[in-house]
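Participant: 3D model of this:
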Amino acid sequence: MKRNVIAFIVAILSAVNASAFDDVSTAYSFLDITSSSHVYGLGGVNVSLIDDDINIVEQNPALLGPELGSQLGVNYMRYIGSSNFAGVKYGHSAGTHGAWAASMQYFGYGEMKSTDVTGSVTGTFSPKDICFSGTYSHDITTALRGGVTLKGIYSDYEAYSAFALAVDLGLNYYDGDNDMSLSLVVTNLGGQLKRFNEVYERLPVDVRIGWSQGLHGLPFRLSITAWNLTRWHLPYYDTGDGTGHDSVKLKDSFMSNLLRHLVFAGEYEPNENFYIGIGYNYKTRTDMNTYSRNFFSGFSIGSGIRVRQFGIGAALAQPHVGAMTFMFNLAMRL
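Facilitator: Numbering: from 1, shown residues only. Purely as a prediction, here's the structure:
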């Protein structure tokens with residue numbers, strides 16, 4: 001068992017080492033948008049969350065397990081602008097120590113005007129991205145589980161289209177006696193098989209580490225997730241109070257870089273059928289700095305309830321004053 005664990009970790013590190021850490025391309029950034037309302041309410045990134053919900057599996061393939069049984073999950077998100085995202089997932093146990101899942105996620109960005117080289121409007125088009133994925137997980141030991149997700153990514157932007165393949169690798173260690181979960185995930189290892197034009201776009205490879213801890217005797221759980229670990233420097237520009245009197249300042253201090261790598265979350269869960277959680281994502285807050293952020297930028301809140309075979313979840317966030325985002329999840333045990 002120890003050899004299997006070491007081999008799996010070495011495979012993850014080798015794959016990461018072969019990737020370009022210094023790449024700052026923003027192509028395929030939609031892959032970082034969660035499809036889980038539970039995760040979205042906890043800051044948008046959480047690779048160590050333990051929950052009886054098929055929708056969280058996209059964060060870490062090792063969160064999938066036979067204990068989820070046979071589940072169907074549906075998600076919808078009203079995102080910034082006229083963007084609408086939706087998807088469906090299905091998972092099933094594979095013996096007593098394994099499980100598999102399949103999903104499709106659609107990212108639609110609304111209708112846009114199409115123009116010629118002179119700027120004259122020639123019509124409209126609706127850009128979109130679609131991600132198909134298959135996941136398999138297996139118990140390595142009684143407390144440690146590994147998982148892998150293969151993703152096919154199709155993009156269609158007016159007259160241009162592209163196709164890419166990516167792999168997510170994940171590990172999760174869960175100590176049920178102490179209600180502690182630790183995870184390591186590498187996302188989006190792969191590349192384009194068909195380019196938009198002649199330019200090769202890199203996938204957003206990332207390394208993420210997560211820790212979730214329940215508090216003994218109290219119905220609370222805390223989580224800290226570190227992401228964007230493929231590079232330390234995540235500078236941003238501070239534009240002041242928006243009046244235009246302040247000069248634009250580049251922020252690249254140790255503390256700002258540290259905080260932009262961390263997502264903090266807390267949950268109140270009095271029983272297994274209800275939760276309410278809040279998250280804080282400093283990177284989201286600072287990314288919205290030049291877009292009229294408000295006090296709530298970076299914060300998100302979500303809640304969920306289970307009734308017999310059904311689980312319903314919803315989450316809200318307001319990255320800036322002009323954008324209220326909403327996500328809805330439904331999970332059904334078949």
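
Participant: how about the helices in this structure?
Facilitator: 2-17, 37-41, 254-259, 282-287 (DSSP state H).

Participant: show me what the second one is in contact with.
Facilitator: Meaning helix 37-41. 34, 45-46, 49, 51, 53, 55-56, 59, 75, 77, 275, 277-279, 300-304, 313-317, 327-329 (C-beta atoms under 8 Å, 6 or more residues apart in numbering). Heads up, the C-betas are built off the backbone N, CA and C, glycines and all.

Participant: again, only using 7 Å
Facilitator: 34, 46, 49, 51, 53, 55-56, 59, 277, 279, 300-302, 304, 313-315, 317, 327-329 (C-beta atoms under 7 Å, 6 or more residues apart in numbering).

Participant: residue 267 contacts residue 221, doesn't it?
Facilitator: Yes: taking contacts as C-beta atoms under 7 Å, residue 267 lies within contact range of residue 221: 4.5 Å.

Participant: quick check: bridge partners of the residue lying closest to residue 331 once chain neighbours are set aside?
Facilitator: Of all residues not flanking residue 331 in the chain, residue 311 sits nearest, at 4.0 Å (C-beta to C-beta, 6 or more residues apart in numbering). Beta-bridge pairing for residue 311 (DSSP bridges): residue 306, residue 331.

Participant: residues in contact with residue 311?
Facilitator: Contacts of residue 311 by C-beta under 7 Å, 6+ apart are 53, 304, 331.

Participant: can you give me the pLDDT of the first one?
Facilitator: According to the model's per-residue confidence, residue 53 sits at a pLDDT of 94.

Participant: backbone phi and psi for it, please?
Facilitator: phi -150, psi 120 (degrees, to the nearest 10).

Participant: that one - nearest residue in space that isn't next to it in sequence?
Facilitator: Residue 53 sits nearest to residue 331 (C-beta to C-beta, 6+ apart), 5.2 Å away.

Participant: for the residue nearest to residue 331, give its distance to residue 86.
Facilitator: Distance check for residue 311 against residue 86: by C-beta to C-beta, to the nearest Å, it reads 17 Å.

Participant: equivalent analysis for residue 125, please.
Facilitator: 19 Å.

Participant: run through the chain and note the low-pLDDT ranges.
Facilitator: By pLDDT under 70, the weakly predicted segments of the chain are 1-26, 240-246, 289-294, 321-322.
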